[in-house]
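next come a sequence and a model predicted from it.
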Amino acid sequence: MRNSKIIGMGFYIPPKVVTNRDLAKLMDTSDEWIRERTGIVERHYADEGNGPASLAKIAVERALADAQLETKDLDLMIFATLSPDYTFPGSGCVLQSLMEFPHIAAIDIRAQCSGFIYSLAIADQFIKTGMYNRVLVVGAEVHSTGIEFATRGRDVTVLFGDGAGAVILGPSEDPRVGILSHHLHADGRHYNKLWVECPGCVYTPRLTQEMVTSGRWYPKMDGKFIFRHAVEGMSRVIMEALQANNYTLADLDLLVPHQANLRINQMVAKMLSIPEDKVFNNIMKYGNTTAATIPICLCEAREEGKLKPGQLVCLASFGSGLTWASSLIRW
Ligand code: UT7
């Protein structure tokens, strides 16, 4: 079976910058607290009227240009988001209304912070089996329209930002180059440790005035629980990827972890004794952009000369679900 590899990448961050000090005007928080506990300095919010599909459009255009391809060359689209434009249809279909696509399937993936790696793994299978040759994988989020700008929601609100990233996968001519393996996990027992409860199809009606006024439509998180599990889960899934391919930590050139909290990534690096210069972080500028985070990181790592052909690269994520995952790539 043939390997797949990333043949084009692009990202888009909306221009509106929101600093920690801006948030401190709306809730009881401070620049010091946010920097110290999370590493975040600022994040970006989409302009009104823009959902993840419109952010994704620009990221996809950039990824296509990078791969020197057009939409007509694509065989499949996989769109990862936890903040879909609408309850249904999926954001992949909404993206198809914004750009001219052939009638390719649009699969929406709901795996939160692991959404991009889950999607990459699915795309990889279609290339491996020979069914498709060009698969578009998108991660895009607009959090800013669904977080609480008040002290009650401060633990979650300060963390999230909007953004989009896209990659195009194609077959690798060299069997040693490309995606080596994926390791995908979930533990649904803790689904409500980080979740948005309402509106919910389990309720009749799905949305009530009480849900709105009580704030049950905002994300709720047991931060300490998620933090602890994120450090353990990411460390384990990185080791799983290396061991499955007979590599050790010494072989790793670059770790691209999900960006939920800089302290999580620092603790993972410390636990595994990975030197800081081998870990790519950009949470300072964007906060947590969930499914968009890893493709944004890949684009910036390449721009900064930290992601180069021949390197052994590990992507790792952890998030709501609980879901966690890794991909090992010979770049
Ligand atoms: O995408 C994957 C999912 N997300 C994550 O992985 C996030 C994981 N969790 C975290 O990153 C951290 O738990 C947080 C950054 C959310 C919180 O940091 P912490 O060090 O675990 O703080 P804490 O929850 O123990 O809260 C300490 C104090 C509390 O006050 P009291 O009870 O000690 O008086 C909080 O109410 O900090 C308070 N606090 C805040 N203070 C100022 C919580 N959020 C804020 C805030 N600003 N934004």
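It's in.

residue ranges of the helices in the stretch 51-200 of the chain, please?
Secondary structure of the stretch 51-200 of the chain (DSSP state H, counting those that start in this stretch): helices at 52-67, 91-98, 115-128, 154-157.

include mean neighbour count and distance to residue 170 when you put those into CSV, please.
No exception for glycine: its C-beta is placed from N, CA and C like everyone else's. Listed next are these as CSV, based on neighbours: other CB atoms under 10 Å; distance: least, CB to CB, whole Å:
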stretch, mean neighbour count, distance to residue 170
helix 52-67, 23, 8
helix 91-98, 20, 19
helix 115-128, 24, 7
helix 154-157, 20, 37
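
with distance to the ligand and mean pLDDT added, can I get the ones you listed in a markdown table?
Listed next are these as a markdown table, based on distance: least, CB to the nearest ligand atom, whole Å; pLDDT from 0 to 100:
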| stretch | distance to the ligand | mean pLDDT |
| --- | --- | --- |
| helix 52-67 | 16 | 98 |
| helix 91-98 | 19 | 98 |
| helix 115-128 | 11 | 98 |
| helix 154-157 | 4 | 98 |
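
domain parsing for the chain?
Here the domain parsing of the chain from automatic domain parsing is 3-172, 178-330.

quick one: is the shortest one near the ligand?
It refers to domain 178-330. Yes: with CB under 6 Å from any ligand atom as the criterion, the ligand is reached by domain 178-330 at 194, 223-224, 226-227, 230, 260-261, 264, 288, 319.

which element is the closest residue in space to residue 15 that isn't next to it in sequence on?
Counting by CB to CB, 6 or more residues apart in numbering, residue 15 lies nearest to residue 44, which is 7.1 Å off, once chain neighbours are set aside. Assigned by DSSP states H and E, residue 44 belongs to strand 42-45.

returning to what we had before: please name the bridge partners of the residue nearest to residue 15.
residue 17 (DSSP bridges).

re earlier: and for the strand holding residue 44, what are the contacting residues?
Defining contact as CB atoms under 8 Å, 6 or more residues apart in numbering, one finds that strand 42-45 is touched by 13-20, 144, 160-163, 284-287.

so how do I select the buried members of those in PyMOL?
In PyMOL, a selection of the buried entries from these looks like this (16 or more other CB atoms under 10 Å):
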select buried, resi 13+14+18+20+144+160+161+162+163+285+286+287
